[in-house]
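*Asks:* After the sequence you'll find the predicted model.
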Amino acid sequence: MIVPLDEAVGELVHDGDTVALEGFTHLIPVAAGHEIIRQRRCGLTLVRMTPDVVYDQMIGAGCARRLVFSWGGNPGVGSLHRFRDAVQNSWPVPLEIEEHSHAGMANRYVAGASGLPFAVLRGYLGTDLASRTATIRTVECPFTGERLAAVPALNPDVAIVHAQRADRAGNVQMWGITGVQKEAVFAARRSLVTVEEVVDELAPVPGQVVLPHRVVTAVAEAPGGAAPSYAQGYYERDNAAYQAWDAISRDRGAFGRWLESVRSAAPGTVSHPTREGRP
Amino acid sequence: MIVPLDEAVGELVHDGDTVALEGFTHLIPVAAGHEIIRQRRCGLTLVRMTPDVVYDQMIGAGCARRLVFSWGGNPGVGSLHRFRDAVQNSWPVPLEIEEHSHAGMANRYVAGASGLPFAVLRGYLGTDLASRTATIRTVECPFTGERLAAVPALNPDVAIVHAQRADRAGNVQMWGITGVQKEAVFAARRSLVTVEEVVDELAPVPGQVVLPHRVVTAVAEAPGGAAPSYAQGYYERDNAAYQAWDAISRDRGAFGRWLESVRSAAPGTVSHPTREGRP
Amino acid sequence: MTLTWSADEIMTVTAARALTDGMACFVGIGLPSTAANLARRTHAPDLWLIYESGTLGAKPGSLPLSIGDGVLAETADSVVSVPEIFNYWLQPGRIDVGFLGAAQIDRYANINTTVIGDYANPEVRLPGAGGAPEIAASCREVVVVVRHSRRAFVDRVDFTTSVGHGSGAGDRERLGLRGRGPIRVITDLGVLEPDPETRELTLVSVHPGVAVEQVREATGWDLAVAPDLAVTEPPGETELTELRKLTGRYVADRPQSTASQE
Amino acid sequence: MTLTWSADEIMTVTAARALTDGMACFVGIGLPSTAANLARRTHAPDLWLIYESGTLGAKPGSLPLSIGDGVLAETADSVVSVPEIFNYWLQPGRIDVGFLGAAQIDRYANINTTVIGDYANPEVRLPGAGGAPEIAASCREVVVVVRHSRRAFVDRVDFTTSVGHGSGAGDRERLGLRGRGPIRVITDLGVLEPDPETRELTLVSVHPGVAVEQVREATGWDLAVAPDLAVTEPPGETELTELRKLTGRYVADRPQSTASQE
């Protein structure tokens, strides 16, 4: 249940898998993403509501053949240049995209978590998304006759999230902004949770979300594993790292050097632009 | 926002309304139910997943013309005799019933809370409920072709729940088993929350559910207002009162005397069988 | 010393034994809850109890009177909303075993908790469905605990609240029900299991001292009896002691430390 | 003393004024967030901010850089899941005003944040929809904040990420969109509002010192000008001070207590 991160990724993430790394600005599983890069996984369908720096890195590293998402950007900074390069120039490999809105993606996870084949929402009406994305259809209310949007369930092969704590039985505790992580874990066939620390007992925290061990396949300790995003109660968001990523990612060469540094680092190391070269 | 209970019921609950009093064993809004009896409301469509003693009382008092529910009983004791008398003998007035499963009712509230006309679930397959209840239909998944159960949204005119605390702005805080109360309040056009106490500041509590003041129409202070059910952190369940209700409710005469005592009590008083006659 | 027990006690002990340690068990109130909590205190300490009130992994020290008692919330790994229990836990098939009671149960283990008599004009109005229809549909398997009588064991239930094996073999699959349905019915007289071929409930075990004829007389159809009919293993001392502690019938008439030596 | 301000500052101040105290406001990141927080610190202390990350009633003391900053969670009345924000808050029409940005906006206030150029072979791939399509559909009304340029103000968006007024009057109703849609577009040059009849965006106000021709030149269609064109009320000292505190551009070059006396 509690395993080293490199073993967990090695066992749970296979080439060609559909993999969702979730975390809404807070608690992004960056260390796990870097481990996927380090193990040179490829052909992945990457799923994420808000692909940001770590997905830009995985896409630039050639891990992904397909991206299912609703908003891809460097929050507070601008665009994702590796994502753009993949979409606009197929570099380093072509990237198919399947694009939804947040409401649609959130409900796709909810349907997946609920064992339903689809979800119903008021969404997409009149937008070009509805015509560009094959996984947006409509359904008729059997009581009112009204037509509503329907989206298929998301059931990733693996969901990966980061949390503050887990106990030794694999019960996971997170708090603060917890986004769609519970739904992603429940929707997935397998799940990996990286945590700031493994503790003997999970003292209750207001606003906590608990993932019982029964829905968690593996827990890996990865202190600092959400940086440069933040872990409430542990560390702040490293805004400078997001800004620094903009320059690195604009240039294929600079990105290549960054990639080399990640690949040559020891397993479990988290590499952040602003932290390079520091003791 | 913060009003006396009798005023709140007087303003928010009208004859003929669809009214949901929710609370899953814990935090049942009994004081509000008794105030509805005291104000002699009639023709109500009463909605509740688990009609128990307080609904037996309201039904016996003739408040209801219709009951929408999934399980009606005296938990841990047995049957509801006023409910049975109404269904089997139309006493004191005929009672129509619309009967679902818990899963169906919970999802009807979820749809109501979500502004959707219906909800989809895996439910009712092969049961006689599906043929006896008009609000159970099917819908086809537009992606897989699978047929699933569909139930219409519940949007009560008023939802009434009981909570531990509210602040003066009308933000409500409850914890422990919170059942389907959030969904009931969100689904309703108006809402009334009775609370153990109104406080200046809601100190966070692990496991809390907060209902922001924006979804709360009125808050009424009603200390002990969930008895004989319990309010975690305030008082225990009065199991003897549930047992005592069995004898009272079996007999129309005994029930009539109980009803008279409730009607003649001062507004806001909670009458429980085992507490009668005590100082 | 000779152990003695009541018919309810051997029923509850036998029901508890049907639960394997580590399973996730969706528990109905009453007999199922007593049996599940007994199992947790004897051979299955890691049995994971889910109650429909929203408590996950409850570890009550005393028997809850209702599915929403405070002791369940206070001892749970996590308390979630009722929609979440049904949608995120039950519906996707995460629960190993559903543990149900019944007012009526029939030849194919279909369950009625709704009405005796006609639905529109009932003889007896019962509480209704609660969580049972979806528990019976979605748990990997279902165990039913019910006291044996001709009133309860009927040829065909007056109302199908929860589907057991429908009208026989292949019916669950035809209906699209995902779980295996009732695999065992435990009563105060014995144990019934669906026939592997026909899915008709068949007597597979009688409790010590119970005659087959007694069970057949308490059953409203021509009850089949398994050729290798067993006699239920009697309750052990620990099982009885723990059960009586739970139900409040335990009388500590001697020091507990010596009890195990007798 | 004469107040001076930048084009971005008057845009943000004007956008903040579009928000009424007590409203529930669904806030996009960037310019909308700055304006909403300015409103909360000036005329609308009870403005109720919702961010799509799940924070309800956030009261950040400093500007969040993202929609999920810790300061939002720590100051919120409540933090809920992302599905809950969209399903229980936005979708049922509980939000008074949605506050959006845009990469492109067209004559009928349709918004593009997806691609410039062809979808399959884009010139510029933009971040995409995020919460915007449903914010634009379900909020009672929508306010858009965007810097004025011919690149942004186009006759027809390359991609309709979020519907404004579609192709004109009656289109929202035909599509079944429940909110009123964009009621105001605030830029660094002036303010546009949909024509009451045609729903075409019309210049209703220019900021002090801005010529109508300048606005028309920065607009990619033949921009209509309201007959009663106004000049935007200039930012007040408190507004500018609070805005600069928020954006970190405030220089406390004199004691604050005397500032208000000048």
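*Replies:* In hand now; what should we look at?
*Asks:* now the strands for chain A?
*Replies:* Ranges of strands within chain A are A:18-21, A:44-48, A:64-69, A:96-99, A:118-121, A:137-140, A:147-152, A:158-167, A:172-174, A:190-199, A:209-211, A:218-221, based on DSSP state E.
*Asks:* ignore the last one, the stretch 51-200 of chain C
*Replies:* In the stretch 51-200 of chain C, the strands defined using DSSP state E, counting those that start in this stretch lie at C:55-56, C:78-79, C:97-100, C:104-106, C:111-112, C:115-117, C:122-125, C:141-145, C:153-154, C:182-186, C:190-194.
*Asks:* Make JSON lines out of the strands of chain A and add mean neighbour count.
*Replies:* C-beta here means a position set from N, CA and C on the backbone, and glycine is covered the same way. Converted to JSON lines, those look like this (neighbours: other Cβ atoms under 10 Å in any protein chain shown):
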{"stretch": "strand A:18-21", "mean neighbour count": "26"}
{"stretch": "strand A:44-48", "mean neighbour count": "25"}
{"stretch": "strand A:64-69", "mean neighbour count": "21"}
{"stretch": "strand A:96-99", "mean neighbour count": "18"}
{"stretch": "strand A:118-121", "mean neighbour count": "26"}
{"stretch": "strand A:137-140", "mean neighbour count": "17"}
{"stretch": "strand A:147-152", "mean neighbour count": "22"}
{"stretch": "strand A:158-167", "mean neighbour count": "27"}
{"stretch": "strand A:172-174", "mean neighbour count": "26"}
{"stretch": "strand A:190-199", "mean neighbour count": "22"}
{"stretch": "strand A:209-211", "mean neighbour count": "23"}
{"stretch": "strand A:218-221", "mean neighbour count": "24"}
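*Asks:* among these, which is nearest residue D:135?
*Replies:* strand A:118-121 (13.3 Å; Cβ to Cβ).
*Asks:* could you say what helices and strands the closest one packs with?
*Replies:* Counting contacts by 3 or more Cβ pairs under 8 Å, 6 or more residues apart in numbering or on different chains; DSSP states H and E, strand A:118-121 packs against helix A:102-113, strand A:147-152, strand B:118-121.
*Asks:* related to what we said a few turns ago, among the strands of the stretch 51-200 of chain C, which is nearest chain A?
*Replies:* The minimum distance between chain A and the strands of the stretch 51-200 of chain C falls on strand C:78-79, with 4.0 Å, by Cβ to the nearest Cβ.
*Asks:* Would you give the sheet partners of that closest one, along with the direction of each?
*Replies:* According to DSSP bridges, strand C:78-79 forms sheet pairs with strand C:55-56 (antiparallel).
*Asks:* Mind checking the pLDDT average for the strand it pairs with?
*Replies:* Averaged across strand C:55-56, the pLDDT comes to 96.
*Asks:* How far away from the center of its chain is that strand?
*Replies:* 19 Å (Cα atoms, centre = their mean, to the nearest Å).
*Asks:* which residues touch the closest residue to residue C:149 other than its chain neighbours?
*Replies:* Closest residue to residue C:149 apart from its sequence neighbours, by Cβ to Cβ, 6 or more residues apart in numbering or on different chains: residue C:218 at 5.5 Å. Contact analysis of residue C:218 by Cβ atoms under 8 Å, 6 or more residues apart in numbering or on different chains lists C:148-150, C:153, C:189.
*Asks:* Next: residue C:196.
*Replies:* Contact partners of residue C:196, counting by Cβ under 8 Å, 6+ apart, are absent.
*Asks:* phi, psi of it?
*Replies:* phi -60, psi -30 (degrees, to the nearest 10).
*Asks:* For chain D, give me its nearest residue in the stretch 151-262 of chain C.
*Replies:* residue C:178 (24.0 Å).
*Asks:* from what I can see that residue touches residue C:92, true?
*Replies:* No. With contact defined as Cβ atoms under 8 Å, residue C:178 does not count as touching residue C:92 (9.4 Å).
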